[in-house]
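[1] return a 3D structure for these sequence lines:
(one chain, ligands or ions: 1)
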Amino acid sequence: MNVDSVPTLTWVLVALAVLALAALVTFVVLRLRRRGAAPLPPSSSGTGAGSGREGDGEGAVGTLPRPGGPGDGATVEPATPQFQVPETVGSRLVRLRSRLARSGALGQALLSVLGRDHLDEAAWEELEETLLQADLGIDPTTALLAELRTRIRVDGTKDPVAIREVLRELLLAQVDPSMDRTIASAPVLGADGEPHPATILMVGVNGTGKTTTVGKLARLLVAEDKDVVLGAADTFRAAAADQLATWGARVGVDVVRSEKDGADPASVAHDAVEAGFRSGADVVIIDTAGRLQNKAGLMDELGKIVRVASRPAPIAESLLVLDATTGQNGLRQARVFAEVAHLTGIVLTKLDGSAKGGIVVAVQRELGIPVKLVGLGEGPDDLAPFDPESFVDALLG
Ligand SMILES: Nc1nc2c(ncn2[C@@H]2O[C@H](COP(=O)(O)OP(=O)(O)OP(=O)(O)O)[C@@H](O)[C@H]2O)c(=O)[nH]1
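    Next up is the predicted model:
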């Protein structure tokens, strides 16, 4: 080796070392900056165990490019990386059965009258009163009692077990087990010939439990391995979108919302449907603001939400959320909502606090659509598919 070349080689090595150091420092600074901007706090509520959905929130962060809405800046609420595991449908049915216990008062009252030695007119009036108080409605009550009178006379029985069985059969017929109560969650063929997520729209008057039900239904569908996107189209009540974001974050479900208070709800519905399609979700559930059925402007707004959400593909389910404790008032609301939102089913909430289970029969008869879900408490998994047999058994105590 030439002795003169030694200092030159040293300088080359020093220069290379400096370059490498500079590259390392640049790399570290960039990493730190990126980490500083990451907006995903870890969930403190999630169990994460075995959900199979860990990491779903990765990459789902940020503002969706808006494909043509009026510019309300809807964003996808990032999902947190650790999620709760919602209760399975089977186990919640068993757990929630006892919540219908108050409805059981109806059956006990009926059976105690029917167990008397002699059923005079006063006894039949008592039965009528009991059924009406449980919100069964006048026509179903009249039909049920007429059939019961005939059966008891023809059978000539006084056996309480046999009478209970007849009553069970007649109540079950009124609840109508033949109605299809499945929640549509299969892909829907869109106007573009492509399969689209099933869109579920939640509507109803104020405070019936719409937002809560959207959150609970998301959990029910996640428990069935469905990919769900939520749309916070209740832009009227400021807290509703935050409430929904919390529900979504717990189970790793993205929430499309607007950052602007009072944004156009139809625009958020549009963005949610679009986001669901792009992410390949199975189901998009859209929450809407509570509205009184006699406010024409608000019902027009709902009509617009329906039109916009059904543009890419028909809406799979329009569910009316009814508070079971409001009784027959709910029926008046239901008729108007049915016209505007083309209802496909009813969610009856707060049935846990109600002795008025008869409303199930009344509302189904009135609208010709089935009760599909029942809310039986304020807990996150206190929502169950409506099962006529379990319901009637609970009514009979
Ligand atoms: N006991 C009981 N409470 C319920 C049930 N479903 C909802 N709730 C409660 O009802 C209240 C209203 O629920 P929300 O989901 O905020 O009602 P909302 O229809 O979205 O309200 P608006 O947006 O104002 O129309 C909350 O306190 C819920 O916890 C249920 O099945 N049982």
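
[2] what does this structure put close to the ligand?
    Neighbours of the ligand within the chain, by Cβ under 6 Å from any ligand atom: 204, 206-212, 234, 237, 240, 289-290, 349-350, 352-353, 375-378, 382. Placement of C-beta: from N, CA and C, glycine included.

[3] now, which of the residues you listed lie within helices?
    Members of the residues of the chain next to the ligand lying in helices (criterion: DSSP state H): 210-212, 240.

[4] and the residues of the chain next to the ligand, which of them are buried?
    Taking 16 or more other Cβ atoms under 10 Å as the criterion, what is buried in the residues of the chain next to the ligand is 204, 208-212, 234, 240, 289-290, 349-350, 352, 375-377, 382.

[5] from those, which ones fall inside strands?
    Members of these lying in strands (criterion: DSSP state E): 349, 375.

[6] show me what contacts the residue in the stretch 151-300 of the chain positioned nearest to the ligand?
    Nearest residue of the stretch 151-300 of the chain to the ligand (Cβ to the nearest ligand atom) works out as Gly290 at 2.2 Å. Contact analysis of Gly290 by Cβ atoms under 8 Å, 6 or more residues apart in numbering lists 204-208, 210, 234, 236-237.

[7] spell out which residues make up each domain of the protein.
    Residue ranges for the domains of the chain, per automatic domain parsing: 74-91+197-387, 98-175.

[8] those: lowest mean pLDDT?
    Mean pLDDT values for the domains of the chain show the minimum at domain 98-175, a mean of 87.

[9] next, the distance between the ends of it.
    End-to-end span of domain 98-175 (Cα to Cα, to the nearest Å): 19 Å.

[10] what does stretch 130-144 give?
    Stretch 130-144 end-to-end distance (Cα to Cα) = 12 Å.

[11] could we number from 123 for the rest of this?
    Got it, the first residue is 123 from now on, which makes the last one we talked about stretch 252-266.

[12] in that stretch, what counts as buried?
    Going by neighbour count (16+ other Cβ under 10 Å), the buried part of stretch 252-266 is 252-254, 256-259, 262-263, 265-266.

[13] mind putting those residues into TSV with secondary structure?
    What follows is these, written out as TSV (DSSP: H, G, I helix; E, B strand; the rest coil):
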residue	secondary structure
Thr252	helix
Leu253	helix
Leu254	helix
Ala256	coil
Asp257	coil
Leu258	coil
Gly259	coil
Pro262	helix
Thr263	helix
Ala265	helix
Leu266	helix
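
[14] ok, back up a step: of the domains of the chain, flag the one that's most buried.
    Comparing the domains of the chain by mean neighbour count (mean count of other Cβ atoms under 10 Å), domain 196-213+319-509 comes out on top with a mean of 22.

[15] isn't Leu292 right up against Glu269?
    Yes: contact between Leu292 and Glu269 holds when scored by Cβ atoms under 8 Å: they sit 5.6 Å apart.

[16] so what's the residue of the stretch 123-272 of the chain found nearest the ligand up against?
    Here the residue of the stretch 123-272 of the chain nearest the ligand is Arg221; by Cβ to the nearest ligand atom that distance is 8.6 Å. The neighbourhood of Arg221, defined by Cβ under 8 Å, 6+ apart, consists of 473-474, 498-499, 504.

[17] if we use 7 Å, what do you get?
    474, 498-499 (Cβ atoms under 7 Å, 6 or more residues apart in numbering).

[18] wait, is it part of a helix?
    Yes: judged by three-state DSSP, Arg221 forms part of a helix.

[19] quick one: the strands in the stretch 223-372 of the chain?
    Applying DSSP state E, counting those that start in this stretch to the stretch 223-372 of the chain gives strands spanning 310-311, 317-318, 320-325, 350-355.

[20] what two of the ones in helices among the residues of the chain next to the ligand are the furthest from one another?
    Largest separation among those by Cβ to Cβ: Thr334 and Ala362, giving 10.2 Å.

[21] before we move on, the earlier item: go through the buried residues of stretch 252-266 and name the one nearest Gly452.
    Nearest to Gly452 among the buried residues of stretch 252-266 is Asp257, at 8.8 Å by Cβ to Cβ.

[22] tell me where this protein has helices.
    Counting by DSSP H, the helices of the chain are 127-159, 211-219, 226-236, 243-255, 260-277, 282-297, 332-345, 360-373, 387-401, 418-431, 451-463, 481-489, 510-517.

[23] now these as a markdown table including distance to Ile322?
    Converted to a markdown table, the helices of the chain look like this (distance: least, Cβ to Cβ, whole Å):
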| stretch | distance to Ile322 |
| --- | --- |
| helix 127-159 | 34 |
| helix 211-219 | 16 |
| helix 226-236 | 31 |
| helix 243-255 | 33 |
| helix 260-277 | 28 |
| helix 282-297 | 23 |
| helix 332-345 | 7 |
| helix 360-373 | 14 |
| helix 387-401 | 11 |
| helix 418-431 | 10 |
| helix 451-463 | 12 |
| helix 481-489 | 17 |
| helix 510-517 | 22 |
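
[24] figure out which of those helices is closest to Pro317.
    Closest approach to Pro317 among those is made by helix 387-401 (9.2 Å; Cβ to Cβ).

[25] next, the angle from that closest one to strand 350-355.
    Orientation check (axes from the mean of the first three to the mean of the last three Cα atoms, to 10 degrees): helix 387-401 against strand 350-355 gives 160 degrees.

[26] from the chain's centre, how far out does helix 387-401 sit?
    Centroid separation between helix 387-401 and its chain, computed with Cα atoms, centre = their mean, to the nearest Å, is 17 Å.

[27] output that helix in CSV with nothing but the alpha carbons.
    C-alpha atoms of helix 387-401 as CSV (Å, rounded to 0.1, in the frame of the first residue of the first chain):
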residue,chain,number,x,y,z
PRO,A,387,-77.3,14.3,8.4
ALA,A,388,-78.0,13.1,4.9
SER,A,389,-74.3,14.0,4.1
VAL,A,390,-73.1,11.9,7.0
ALA,A,391,-75.3,9.0,6.0
HIS,A,392,-73.9,9.2,2.5
ASP,A,393,-70.3,9.2,3.8
ALA,A,394,-71.0,6.2,6.1
VAL,A,395,-72.6,4.2,3.3
GLU,A,396,-69.6,5.1,1.0
ALA,A,397,-67.0,4.3,3.7
GLY,A,398,-68.7,0.9,4.4
PHE,A,399,-68.6,0.1,0.7
ARG,A,400,-65.0,1.1,0.3
SER,A,401,-63.8,-0.8,3.4
